[in-house]
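Enquirer: Have a look; sequence and predicted model below, questions after that.
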Amino acid sequence: MKKPDEQLLTQVSALLSRNAELEALEIRHNRMEKTLTQQTHNLKERIKEINCLYTISKIVEKADVSLNEIYQGVIEVIPCSWQYPEITCAQLIINKGKFVTKNYAQVPWKQSADIIVYGEKVGILSVCYKKEKPELYEGPFLKEERSLLDAIAERLGRTSEQKQSEKALNESEKKLKEQNQLLYEKNIALREVMNQMISEKKNLEEKVLDNVDEFLLPLLKKLQNKSSNIEKEYFKVFEDNLKQLTSSFGSSISKKLPRLTPRENEICNMIRTGLSSKEVAKLLNISYRSVETYRNYIRKKLGITNQKINLTTYLATL
(Lines give C-alpha, C1' and ligand atoms only; values in the text may rest on other atoms or scores of the structure.)
Protein backbone atom coordinates (compact mmCIF):
# COMPACT_ATOMS: atom_id res chain seq x y z
CA MET A 1 0.00 0.00 0.00
CA LYS A 2 1.17 3.46 -1.05
CA LYS A 3 1.82 6.04 1.47
CA PRO A 4 -0.52 9.07 1.60
CA ASP A 5 2.18 11.43 0.29
CA GLU A 6 2.81 9.26 -2.72
CA GLN A 7 -0.91 9.10 -3.50
CA LEU A 8 -1.17 12.88 -3.28
CA LEU A 9 1.78 13.35 -5.63
CA THR A 10 0.24 10.93 -8.13
CA GLN A 11 -3.07 12.85 -8.06
CA VAL A 12 -1.31 16.22 -8.43
CA SER A 13 0.67 14.89 -11.40
CA ALA A 14 -2.51 13.62 -13.04
CA LEU A 15 -4.23 16.95 -12.49
CA LEU A 16 -1.30 18.84 -13.96
CA SER A 17 -1.27 16.57 -16.99
CA ARG A 18 -5.01 17.03 -17.45
CA ASN A 19 -4.65 20.77 -17.06
CA ALA A 20 -1.96 20.83 -19.74
CA GLU A 21 -4.23 18.88 -22.05
CA LEU A 22 -7.06 21.34 -21.41
CA GLU A 23 -4.78 24.30 -22.04
CA ALA A 24 -3.58 22.74 -25.32
CA LEU A 25 -7.20 22.03 -26.27
CA GLU A 26 -8.15 25.62 -25.49
CA ILE A 27 -5.26 26.90 -27.59
CA ARG A 28 -6.38 24.73 -30.52
CA HIS A 29 -9.96 25.87 -29.98
CA ASN A 30 -8.92 29.54 -30.00
CA ARG A 31 -6.89 29.00 -33.12
CA MET A 32 -9.80 27.28 -34.83
CA GLU A 33 -12.17 30.00 -33.68
CA LYS A 34 -9.77 32.66 -34.96
CA THR A 35 -9.42 30.81 -38.27
CA LEU A 36 -13.18 30.42 -38.53
CA THR A 37 -13.66 34.11 -37.78
CA GLN A 38 -11.11 35.05 -40.43
CA GLN A 39 -12.70 32.71 -42.95
CA THR A 40 -16.11 34.15 -42.15
CA HIS A 41 -14.71 37.63 -42.61
CA ASN A 42 -13.08 36.64 -45.89
CA LEU A 43 -16.31 35.01 -47.06
CA LYS A 44 -18.24 38.19 -46.31
CA GLU A 45 -15.65 40.19 -48.26
CA ARG A 46 -15.97 37.83 -51.25
CA ILE A 47 -19.76 38.13 -51.08
CA LYS A 48 -19.42 41.93 -51.13
CA GLU A 49 -17.14 41.66 -54.18
CA ILE A 50 -19.59 39.38 -55.98
CA ASN A 51 -22.47 41.71 -55.13
CA CYS A 52 -20.42 44.62 -56.43
CA LEU A 53 -19.79 42.97 -59.82
CA TYR A 54 -23.42 41.83 -60.02
CA THR A 55 -24.71 45.33 -59.28
CA ILE A 56 -22.36 46.83 -61.89
CA SER A 57 -23.68 44.32 -64.45
CA LYS A 58 -27.25 45.39 -63.67
CA ILE A 59 -26.29 49.05 -64.12
CA VAL A 60 -24.59 48.39 -67.46
CA GLU A 61 -27.45 46.26 -68.80
CA LYS A 62 -30.15 48.87 -68.18
CA ALA A 63 -31.95 49.96 -71.32
CA ASP A 64 -31.18 53.44 -72.67
CA VAL A 65 -28.57 54.13 -69.99
CA SER A 66 -25.85 56.62 -70.91
CA LEU A 67 -22.13 56.20 -70.30
CA ASN A 68 -22.14 59.03 -67.74
CA GLU A 69 -24.94 57.32 -65.81
CA ILE A 70 -22.96 54.06 -65.84
CA TYR A 71 -19.80 55.79 -64.64
CA GLN A 72 -21.57 57.51 -61.72
CA GLY A 73 -23.49 54.37 -60.80
CA VAL A 74 -20.30 52.29 -60.63
CA ILE A 75 -18.54 54.89 -58.48
CA GLU A 76 -21.38 54.85 -55.95
CA VAL A 77 -21.32 51.02 -55.74
CA ILE A 78 -17.59 50.74 -54.97
CA PRO A 79 -17.35 51.92 -51.29
CA CYS A 80 -19.66 49.28 -49.83
CA SER A 81 -17.58 46.57 -51.54
CA TRP A 82 -14.30 47.36 -49.73
CA GLN A 83 -13.49 46.13 -46.21
CA TYR A 84 -13.92 49.60 -44.61
CA PRO A 85 -17.05 51.01 -46.35
CA GLU A 86 -17.47 53.84 -43.86
CA ILE A 87 -14.14 55.45 -44.80
CA THR A 88 -13.99 54.39 -48.48
CA CYS A 89 -14.37 56.88 -51.33
CA ALA A 90 -13.81 56.58 -55.09
CA GLN A 91 -13.06 58.68 -58.16
CA LEU A 92 -13.22 57.99 -61.92
CA ILE A 93 -11.57 60.31 -64.44
CA ILE A 94 -12.38 59.31 -68.02
CA ASN A 95 -12.65 61.11 -71.37
CA LYS A 96 -12.19 64.53 -69.72
CA GLY A 97 -15.04 63.78 -67.30
CA LYS A 98 -14.83 63.30 -63.51
CA PHE A 99 -17.12 61.14 -61.37
CA VAL A 100 -16.73 60.92 -57.55
CA THR A 101 -18.53 59.71 -54.45
CA LYS A 102 -20.03 62.41 -52.22
CA ASN A 103 -17.38 61.81 -49.56
CA TYR A 104 -14.41 61.86 -51.92
CA ALA A 105 -11.22 63.49 -50.65
CA GLN A 106 -7.58 63.53 -51.69
CA VAL A 107 -5.76 61.19 -49.28
CA PRO A 108 -2.50 59.20 -49.40
CA TRP A 109 -4.12 55.77 -48.88
CA LYS A 110 -5.14 55.02 -52.45
CA GLN A 111 -5.06 52.32 -55.12
CA SER A 112 -5.72 52.95 -58.82
CA ALA A 113 -6.30 51.13 -62.12
CA ASP A 114 -6.14 52.37 -65.72
CA ILE A 115 -9.19 52.36 -68.00
CA ILE A 116 -8.21 50.95 -71.42
CA VAL A 117 -10.42 51.44 -74.49
CA TYR A 118 -9.35 49.99 -77.86
CA GLY A 119 -5.80 49.59 -76.55
CA GLU A 120 -5.44 53.18 -75.32
CA LYS A 121 -5.58 54.61 -71.81
CA VAL A 122 -8.61 56.91 -71.54
CA GLY A 123 -9.01 57.21 -67.77
CA ILE A 124 -8.12 56.09 -64.27
CA LEU A 125 -10.20 54.60 -61.45
CA SER A 126 -9.12 55.25 -57.83
CA VAL A 127 -10.32 53.90 -54.46
CA CYS A 128 -9.21 55.61 -51.22
CA TYR A 129 -9.37 55.11 -47.45
CA LYS A 130 -9.88 58.42 -45.64
CA LYS A 131 -8.11 57.07 -42.53
CA GLU A 132 -4.93 55.12 -42.02
CA LYS A 133 -5.35 51.36 -41.61
CA PRO A 134 -2.95 48.45 -41.00
CA GLU A 135 -0.66 47.45 -43.84
CA LEU A 136 -1.86 44.42 -45.84
CA TYR A 137 -1.24 43.31 -49.44
CA GLU A 138 -1.15 46.75 -51.10
CA GLY A 139 -0.91 49.34 -48.40
CA PRO A 140 -4.10 48.95 -46.34
CA PHE A 141 -5.85 47.14 -49.21
CA LEU A 142 -6.45 43.41 -49.64
CA LYS A 143 -5.13 41.35 -52.50
CA GLU A 144 -8.73 40.58 -53.47
CA GLU A 145 -9.52 44.31 -53.53
CA ARG A 146 -6.77 44.82 -56.08
CA SER A 147 -8.31 42.06 -58.21
CA LEU A 148 -11.76 43.61 -57.81
CA LEU A 149 -10.51 47.07 -58.77
CA ASP A 150 -8.82 45.67 -61.90
CA ALA A 151 -12.00 43.77 -62.82
CA ILE A 152 -14.12 46.93 -62.46
CA ALA A 153 -11.66 48.95 -64.56
CA GLU A 154 -11.67 46.27 -67.26
CA ARG A 155 -15.48 46.16 -67.26
CA LEU A 156 -15.65 49.95 -67.61
CA GLY A 157 -13.25 49.76 -70.58
CA ARG A 158 -15.29 47.07 -72.33
CA THR A 159 -18.52 48.94 -71.62
CA SER A 160 -17.05 52.12 -73.09
CA GLU A 161 -16.04 50.24 -76.23
CA GLN A 162 -19.50 48.70 -76.53
CA LYS A 163 -21.29 52.02 -76.06
CA GLN A 164 -19.04 53.73 -78.58
CA SER A 165 -19.69 50.95 -81.09
CA GLU A 166 -23.44 51.18 -80.49
CA LYS A 167 -23.30 54.96 -80.94
CA ALA A 168 -21.34 54.63 -84.19
CA LEU A 169 -23.77 51.96 -85.42
CA ASN A 170 -26.80 54.08 -84.56
CA GLU A 171 -25.28 57.09 -86.31
CA SER A 172 -24.51 54.95 -89.37
CA GLU A 173 -28.07 53.59 -89.41
CA LYS A 174 -29.48 57.09 -89.04
CA LYS A 175 -27.25 58.37 -91.83
CA LEU A 176 -28.23 55.42 -94.03
CA LYS A 177 -31.94 56.10 -93.42
CA GLU A 178 -31.42 59.76 -94.29
CA GLN A 179 -29.57 58.79 -97.47
CA ASN A 180 -32.30 56.30 -98.39
CA GLN A 181 -34.95 58.95 -97.82
CA LEU A 182 -32.97 61.45 -99.89
CA LEU A 183 -32.52 58.87 -102.65
CA TYR A 184 -36.24 58.09 -102.54
CA GLU A 185 -37.08 61.77 -102.87
CA LYS A 186 -34.58 62.17 -105.72
CA ASN A 187 -36.11 59.18 -107.50
CA ILE A 188 -39.55 60.76 -107.20
CA ALA A 189 -38.19 64.04 -108.53
CA LEU A 190 -36.39 62.21 -111.36
CA ARG A 191 -39.58 60.37 -112.33
CA GLU A 192 -41.43 63.67 -112.39
CA VAL A 193 -38.72 65.20 -114.60
CA MET A 194 -38.78 62.17 -116.92
CA ASN A 195 -42.57 62.28 -117.14
CA GLN A 196 -42.35 65.99 -117.90
CA MET A 197 -39.73 65.34 -120.60
CA ILE A 198 -41.86 62.57 -122.13
CA SER A 199 -44.85 64.88 -122.12
CA GLU A 200 -42.85 67.72 -123.67
CA LYS A 201 -41.37 65.34 -126.26
CA LYS A 202 -44.83 64.12 -127.19
CA ASN A 203 -46.08 67.70 -127.49
CA LEU A 204 -43.07 68.59 -129.65
CA GLU A 205 -43.64 65.58 -131.91
CA GLU A 206 -47.29 66.52 -132.30
CA LYS A 207 -46.33 70.09 -133.18
CA VAL A 208 -43.76 68.85 -135.73
CA LEU A 209 -46.32 66.53 -137.31
CA ASP A 210 -48.90 69.30 -137.41
CA ASN A 211 -46.42 71.69 -139.03
CA VAL A 212 -45.35 69.08 -141.60
CA ASP A 213 -48.97 68.23 -142.49
CA GLU A 214 -50.16 71.84 -142.45
CA PHE A 215 -47.29 73.69 -144.10
CA LEU A 216 -44.54 71.55 -145.66
CA LEU A 217 -46.55 68.83 -147.42
CA PRO A 218 -48.99 71.27 -149.11
CA LEU A 219 -46.00 73.32 -150.28
CA LEU A 220 -44.32 70.24 -151.72
CA LYS A 221 -47.51 69.32 -153.54
CA LYS A 222 -47.60 72.73 -155.18
CA LEU A 223 -43.92 72.50 -156.20
CA GLN A 224 -44.39 68.95 -157.43
CA ASN A 225 -47.28 69.96 -159.71
CA LYS A 226 -45.11 72.60 -161.37
CA SER A 227 -42.06 70.36 -161.88
CA SER A 228 -40.84 68.04 -164.64
CA ASN A 229 -41.27 64.28 -164.40
CA ILE A 230 -37.77 63.76 -162.99
CA GLU A 231 -38.23 66.57 -160.52
CA LYS A 232 -41.58 65.10 -159.51
CA GLU A 233 -39.86 61.83 -158.68
CA TYR A 234 -37.35 63.68 -156.53
CA PHE A 235 -40.14 65.57 -154.83
CA LYS A 236 -41.94 62.28 -154.18
CA VAL A 237 -38.82 60.79 -152.61
CA PHE A 238 -38.32 63.97 -150.60
CA GLU A 239 -41.94 63.85 -149.43
CA ASP A 240 -41.58 60.20 -148.39
CA ASN A 241 -38.33 60.92 -146.55
CA LEU A 242 -39.97 63.84 -144.79
CA LYS A 243 -42.76 61.58 -143.67
CA GLN A 244 -40.19 59.05 -142.49
CA LEU A 245 -38.64 61.70 -140.26
CA THR A 246 -41.91 61.75 -138.38
CA SER A 247 -42.21 57.94 -138.32
CA SER A 248 -40.17 55.13 -136.77
CA PHE A 249 -38.76 53.69 -140.02
CA GLY A 250 -35.39 55.43 -139.87
CA SER A 251 -34.66 54.41 -136.29
CA SER A 252 -36.09 50.90 -136.84
CA ILE A 253 -33.87 50.07 -139.79
CA SER A 254 -30.83 51.66 -138.10
CA LYS A 255 -31.33 49.56 -134.97
CA LYS A 256 -31.99 46.42 -136.98
CA LEU A 257 -29.17 46.88 -139.49
CA PRO A 258 -26.57 49.36 -138.24
CA ARG A 259 -24.13 48.02 -140.92
CA LEU A 260 -26.05 49.50 -143.89
CA THR A 261 -24.10 52.10 -145.81
CA PRO A 262 -25.54 55.60 -146.41
CA ARG A 263 -26.16 54.65 -150.09
CA GLU A 264 -27.93 51.43 -149.05
CA ASN A 265 -30.08 53.41 -146.63
CA GLU A 266 -30.93 55.84 -149.42
CA ILE A 267 -31.92 53.02 -151.77
CA CYS A 268 -33.98 51.37 -148.99
CA ASN A 269 -35.95 54.61 -148.61
CA MET A 270 -36.62 54.79 -152.34
CA ILE A 271 -37.63 51.11 -152.60
CA ARG A 272 -39.94 51.52 -149.63
CA THR A 273 -41.77 54.37 -151.44
CA GLY A 274 -42.54 51.97 -154.29
CA LEU A 275 -39.93 53.08 -156.82
CA SER A 276 -38.68 50.43 -159.25
CA SER A 277 -35.03 49.66 -159.84
CA LYS A 278 -35.11 51.62 -163.12
CA GLU A 279 -36.60 54.63 -161.36
CA VAL A 280 -34.02 54.44 -158.59
CA ALA A 281 -31.21 54.16 -161.14
CA LYS A 282 -32.54 57.17 -163.02
CA LEU A 283 -32.85 59.31 -159.84
CA LEU A 284 -29.41 58.37 -158.54
CA ASN A 285 -27.81 58.48 -162.00
CA ILE A 286 -26.40 54.97 -161.68
CA SER A 287 -26.90 51.83 -163.76
CA TYR A 288 -29.83 49.48 -163.37
CA ARG A 289 -27.35 46.64 -162.64
CA SER A 290 -25.83 48.68 -159.79
CA VAL A 291 -29.27 49.10 -158.22
CA GLU A 292 -29.91 45.35 -158.51
CA THR A 293 -26.52 44.69 -156.88
CA TYR A 294 -27.45 47.04 -154.02
CA ARG A 295 -30.79 45.25 -153.65
CA ASN A 296 -28.96 41.92 -153.32
CA TYR A 297 -26.62 43.38 -150.67
CA ILE A 298 -29.59 44.78 -148.78
CA ARG A 299 -31.50 41.46 -148.93
CA LYS A 300 -28.39 39.66 -147.65
CA LYS A 301 -27.98 42.07 -144.72
CA LEU A 302 -31.69 41.79 -143.98
CA GLY A 303 -31.33 38.02 -143.85
CA ILE A 304 -33.97 37.38 -146.55
CA THR A 305 -31.69 36.04 -149.29
CA ASN A 306 -33.18 33.08 -151.18
CA GLN A 307 -36.56 33.72 -149.56
CA LYS A 308 -39.77 34.53 -151.41
CA ILE A 309 -40.19 37.85 -149.67
CA ASN A 310 -40.84 41.09 -151.54
CA LEU A 311 -38.24 43.65 -150.51
CA THR A 312 -40.63 46.59 -150.83
CA THR A 313 -43.21 44.84 -148.63
CA TYR A 314 -40.58 43.84 -146.09
CA LEU A 315 -39.20 47.36 -145.78
CA ALA A 316 -42.72 48.71 -145.33
CA THR A 317 -43.11 46.55 -142.19
CA LEU A 318 -40.13 48.10 -140.43
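Expert: Yep, that arrived. These numbers were taken from a predicted model, which means no experiment stands behind them.
Enquirer: if you average pLDDT over stretch 19-29, what comes out?
Expert: Looking at stretch 19-29 alone, the average pLDDT works out to 79.
Enquirer: In this structure, where's the longest helix?
Expert: Of all the segments assigned as helix in the chain under DSSP state H, the longest by residue count is helix 143-211.
Enquirer: For that one, give the mean pLDDT please.
Expert: Helix 143-211 carries an average pLDDT of 86.
Enquirer: Number the residues from 53 up from this point.
Expert: In the new count, where the first residue is 53, that last one comes out as helix 195-263.
Enquirer: For it, enumerate the helices and strands it packs against.
Expert: Contacting helix 195-263 under the criterion 3 or more Cβ pairs under 8 Å, 6 or more residues apart in numbering; DSSP states H and E are the following elements: helix 56-112, helix 119-129, strand 140-146, strand 162-169, strand 172-181. Quick note: C-beta positions are derived from backbone N, CA and C, even for glycine.
Enquirer: Let me know the angle separating that helix from strand 162-169.
Expert: Inter-element angle recorded for helix 195-263 and strand 162-169: 30 degrees (by axes from the mean of the first three to the mean of the last three Cα atoms, to 10 degrees).
Enquirer: Tell me the gap between helix 195-263 and the middle of its chain.
Expert: Between the mean C-alpha location of helix 195-263 and the chain-wide mean there is a distance of 9 Å, by Cα atoms, centre = their mean, to the nearest Å.
Enquirer: hmm, back to that, mind checking which of the helices and strands packed on helix 195-263 is nearest Gly191?
Expert: Nearest to Gly191 among the helices and strands packed on helix 195-263 is strand 162-169 (6.9 Å), distances taken as Cβ to Cβ.
Enquirer: Just name whatever secondary elements that closest one is in contact with.
Expert: If you count contacts as 3+ Cβ pairs under 8 Å, 6+ apart, strand 162-169 packs onto strand 172-181, helix 195-263.
Enquirer: ranking the helices and strands packed on helix 195-263 by burial, who's on top?
Expert: For these, average neighbour numbers computed from mean count of other Cβ atoms under 10 Å are highest in strand 140-146, which has a mean of 21.
Enquirer: distance of Pro131 from Glu138?
Expert: Here the distance between Pro131 and Glu138 works out to 8 Å (Cβ to Cβ, to the nearest Å).
Enquirer: can you list the weak-confidence ranges in the chain?
Expert: With pLDDT under 70 as the threshold, the chain has low-confidence stretches at 53-56, 93-95, 260-310.
Enquirer: Show me it divided up by domain.
Expert: 62-218, 279-368 (automatic domain parsing).
Enquirer: Now these in a markdown table, please, with extra columns for distance to Glu225.
Expert: Shown next, in a markdown table, are these (distance: least, Cβ to Cβ, whole Å):
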| stretch | distance to Glu225 |
| --- | --- |
| domain 62-218 | 10 |
| domain 279-368 | 46 |
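Enquirer: right, so of these, which gets closest to Gln248?
Expert: Go through the domains of the chain one by one with Cβ to Cβ and the one that ends up closest to Gln248 is domain 279-368, at 22.3 Å.
Enquirer: and the end-to-end length of stretch 128-146?
Expert: Between the opening and closing residues of stretch 128-146 we find a distance of 16 Å, counting by Cα to Cα, to the nearest Å.
Enquirer: re earlier: could I get the helices and strands packed on strand 162-169 as JSON lines with distance to His81?
Expert: Converted to JSON lines, those look like this (distance: least, Cβ to Cβ, whole Å):
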{"stretch": "strand 172-181", "distance to His81": "34"}
{"stretch": "helix 195-263", "distance to His81": "28"}
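Enquirer: Out of these, flag the one nearest Val112.
Expert: helix 195-263 (5.3 Å).
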